[in-house]
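Student: heads up, no residue letters with this:
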């Protein structure tokens with residue numbers, strides 16, 4: 001009987017380990033989901049191959065650093081052959097999650113943009129961009145990408161809630177020390193982050209600009225994401241309460257905690273059923289042997 005119990009315990013452990021790994025893989029896949037790409041129109045003229053080599057070195061260096069910190073910038077090459085690049089991970093990611101996110105981008109850059117003089121790839125959990133020396137800079141508050149929720153807020157009070165939550169983001173990014181903030185106010189969840197080389201006041205100004213553009217571009221949408229050159233914000237409002245009384249600090253409506261919970265619950269139930277069947281099979285085998 002002791003052997004059967006040990007076997008059942010081992011099978012249970014295996015099932016729940018698989019479930020945990022599945023949950024982690026779903027979370028990682030969400031972090032590495034493509035949000036948008038920005039590719040320069042000008043192709044990289046590189047007859048000698050020096051630009052390609054410098055870009056390869058740059059990307060390898062950025063990926064390596066992403067396992068140690070959430071933001072880094074570096075340059076590869078010299079003078080007119082130099083290429084500048086940087087990456088940034090969302091402020092609530094661990095170093096390992098940051099690395100897993102950033103490491104996906106080099107291959108995506110080549111597939112999405114090819115060899116161009118400047119490019120940017122934004123994933124849910126991180127982004128990476130590079131540009132050759134002399135490439136024309138864009139303003140810090142230039143709008144790069146937006147998504148506005150299809151559902152509009154009804155009734156009164158939404159404006160006031162959003163305004164208060166936006167004020168929390170502005171103050172939060174300036175005082176956090178990491179230029180990252182996430183919080184909530186009366187079922188309205190907000191997130192904001194600035195590029196790591198901005199000063200606190202410049203970060204606050206950038207986030208404020210993103211908030212104004214959210215109101216202009218998305219109106220009364222109950223969710224939105226606004227990506228500027230040097231910062232981004234997102235918000236999600238749940239007028240009927242947060243599903244399952246949970247909310248991720250990530251990018252709002254892109255997360256699917258409820259679906260994941262149902263899937264994991266189903267797998268756990270299936271695993272438990274398998275364990276029970278194997279246990280019953282072992283018992284029947286033992287009884288069959290005892291008859292003989």
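Tutor: Perfect, thanks for sending it. Bear in mind the structure is a predicted one, so any value in this text is a computation, not a measurement. Numbering: from 1, shown residues only.
Student: quick one, phi psi at the nearest residue to residue 133 once chain neighbours are set aside?
Tutor: The shortest distance from residue 133 to any non-neighbouring residue, by CB to CB, 6 or more residues apart in numbering, is to residue 82 (4.3 Å). The way it works is simple: take the backbone N, C-alpha and C, and place the C-beta from them, glycine included. Here is the backbone geometry of residue 82 (degrees, to the nearest 10): phi -70, psi 150.
Student: which residues does residue 82 contact?
Tutor: By CB atoms under 8 Å, 6 or more residues apart in numbering, the contact set of residue 82 is 54, 75-76, 132-133.
Student: any idea which of those residues is closest to residue 196?
Tutor: residue 75 (15.6 Å; CB to CB).
Student: tell me the contacts of that closest one?
Tutor: Neighbours of residue 75 in contact, by CB under 8 Å, 6+ apart: 58, 82-85.
Student: and residue 121, how many neighbours?
Tutor: Look at residue 121: counted by other CB atoms under 10 Å, it has 25 neighbours.
Student: same deal with the one 10 residues further on?
Tutor: The burial count assigned to residue 131 is 19, neighbours taken as other CB under 10 Å.
Student: list the contacts of the strand or helix carrying it.
Tutor: Assigned by DSSP states H and E, residue 131 belongs to strand 126-132. Contact partners of strand 126-132, identified using CB under 8 Å, 6+ apart, comprise 31, 38, 40, 44, 51, 55, 58-59, 62, 66, 82-90, 93, 98, 101-102, 105-106, 109, 117-121.
Student: domain parsing of the chain, as residue ranges.
Tutor: Taking automatic domain parsing as the reference, the chain has its domains at 8-132, 143-258.
Student: now the last one: mean pLDDT?
Tutor: Which is domain 143-258. The pLDDT scores in domain 143-258 average 87.
Student: before we move on, the earlier item: please report the distance of the residue nearest to residue 133 from residue 55.
Tutor: Distance from residue 82 to residue 55, counting by CB to CB, to the nearest Å: 11 Å.
Student: so what sits against both of those two?
Tutor: Shared contacts of residue 82 and residue 55 (CB under 8 Å, 6+ apart): residue 76.
Student: contacts for stretch 151-165?
Tutor: For stretch 151-165, the external contacting residues (CB under 8 Å, 6+ apart) are 183-190, 215, 219-223, 235, 237, 239.
Student: from the chain's centre, how far out does that stretch sit?
Tutor: Mean-position distance between stretch 151-165 and its chain equals 26 Å (CA atoms, centre = their mean, to the nearest Å).
Student: and what of stretch 129-143?
Tutor: 22 Å.
Student: repeat that for stretch 70-77.
Tutor: Remark: stretch 70-77 is offset 20 Å from the chain centroid, using CA atoms, centre = their mean.
Student: repeat for stretch 123-137
Tutor: Distance, stretch centre to chain centre, for stretch 123-137: 17 Å (CA atoms, centre = their mean).
Student: got a list of contacts for the helix or strand harbouring residue 226?
Tutor: Using DSSP H and E, residue 226 sits in strand 223-228. Strand 223-228 has contacts (CB under 8 Å, 6+ apart) with 35-36, 122, 140-149, 151, 206, 209-211, 213-214, 217-218, 232-237, 251-253.
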